[in-house]
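Visitor: quick one, fold the following:
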Amino acid sequence: MSNNKARVWISTTTPKLGELVRVRALVTHRMETGFRLTGDGKAPARNIIHTFEVKLNDQLLFSWSPETAISQNPYIEFTFRANQAGRLSMQWTDDEGQVITDDLELSLSA
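Guide: Residues are numbered from 1 along each chain as shown. All right, here's what the predicted structure looks like:
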């Protein structure tokens, strides 16, 4: 079992309608490019996160396709306008098919 996990920080879980919300997300992942050589002279299999998606109520807000130049434990920061309440879902997918997820609930305040 993998110990890869996500850590997510959000500026507010109760934004006002139209308020700009800042999200910071970090995922623990080795991001093995397959370019380096191990002690026995062999290259390990490539295993990087190739897709990161953010959805609000199953509607895509943001998508990112990291490449091999991204360091291990990738960090990303983004903003969006809070136009509705609901579940904010983040999903990272790597080359081995592992999916790492984190979900937050947003409630609009008056």
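Visitor: these two touch, right, residue 23 and residue 82?
Guide: No: counting by Cβ atoms under 8 Å, residue 23 does not reach residue 82; the two are 11.1 Å apart. Every residue, glycine included, has its C-beta placed from N, CA and C.
Visitor: residue 12 sits in which helix or strand?
Guide: Element membership of residue 12 [criterion: DSSP states H and E] is none; it lies in no helix or strand.
Visitor: and the residue of the chain most remote from its centre, how far from residue 80?
Guide: Taking Cα atoms, centre = their mean as the measure, the residue most remote from the mean C-alpha position of the chain is residue 40, 33.2 Å away. Residue 40 sits at a distance of 46 Å from residue 80 (criterion: Cβ to Cβ, to the nearest Å).
Visitor: work out for me the element the nearest residue to residue 99 once chain neighbours are set aside sits within.
Guide: Leaving aside its chain neighbours, residue 99 sits nearest to residue 93 (5.3 Å; criterion: Cβ to Cβ, 6 or more residues apart in numbering). Per DSSP H and E, residue 93 falls inside strand 86-94.
Visitor: hmm, who's touching whichever helix or strand comes after that strand?
Guide: Sequence-wise, the next helix or strand downstream of strand 86-94 (DSSP H and E) is strand 99-106. Strand 99-106 has contacts (Cβ atoms under 8 Å, 6 or more residues apart in numbering) with 4-6, 8, 10, 13-15, 21, 25, 27, 29, 56, 82, 84-94.
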